[in-house]
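1. Take a look and give me a structure for this.
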Amino acid sequence: MEKQVKEKNELWEWTKALLIAFAIAAIIRYFLFTPIAVDGESMMPTLEDGDRMIVNKIGYKIGEPKRFDIVVFHAPEQKNYIKRVIGLPGDSLEYKDDQLYINGEPIDEPYLDAYKAQIAGGTLTEDFTLKDIDVSLDEIPKGYVFVMGDNRRNSKDSRHIGLVDQKEIIGNTSLIFWPFNDIKIVK
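-> Predicted coordinates:
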């Protein structure tokens, strides 16, 4: 009889431990961090199709996106997109001769250097201004960001879908955890 009671207590303790572990995992995934898979080639060469990453969901609850952050957001097609923040609220933005200009000042994009070196003629990023995206825009309004994929020739981004409402941003990401031999922090 005492053995049965002991086994019942042990089973109950294991059940409680598993329930607590699942609850903690659910809280972490829902509120703090979640995995995401890169789908497509729009962020190449920085991110490859199939890379698995961790999304930090709390960073923008206490802060704002920064220029060149890699963010995950809800896109209009009921999908989540992974893109890079290029323009912030208050910025005027222009690309001319494959050079980014923010508020009239040239801005370096070192994460594109290797990709630009691979191009045999032509430009990586075609010329455009904010007015080309939306004729009413002189600058990015408060609460919005302008995002682009690193694979500028093959990316559906703010040039096509418009500005991204910061409320639609799930979080930022920089840690690739799969494939195992490619574990790294990207910038």
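
2. Just give me how far stretch 166-182 sits from the chain centre.
-> Relative to its chain's centre, stretch 166-182 lies at 6 Å (C-alpha atoms, centre = their mean, to the nearest Å).

3. what does it contact?
-> With contact meaning C-beta atoms under 8 Å, 6 or more residues apart in numbering, stretch 166-182 is reached by 34-36, 47-48, 50-60, 64-65, 69-75, 80, 82, 143-145, 183-187. Heads up, the C-betas are built off the backbone N, CA and C, glycines and all.

4. tell me the phi and psi of Asp165?
-> Main-chain torsions, Asp165, degrees, to the nearest 10: phi -70, psi 130.

5. Kindly supply the PyMOL command isolating those of the contacts of stretch 166-182 that are buried.
-> Entered in PyMOL, the line below selects the buried ones among the contacts of stretch 166-182, by 16 or more other C-beta atoms under 10 Å:
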select buried, resi 34+36+47+51+52+53+54+55+56+57+59+60+65+69+70+71+72+73+75+82+144+145+186
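
6. Among the contacts of stretch 166-182, which ones are in helices?
-> Using DSSP state H, the members of the contacts of stretch 166-182 that fall in helices are Gly59, Tyr60.

7. need the helices for this structure, in chain order.
-> Using DSSP H, the helices of the chain run over 2-27, 59-62, 113-118, 130-133, 158-161.

8. Which other helices and strands does the last one contact?
-> Spelled out, it's helix 158-161. strand 80-87, strand 144-148 (3 or more C-beta pairs under 8 Å, 6 or more residues apart in numbering; DSSP states H and E).
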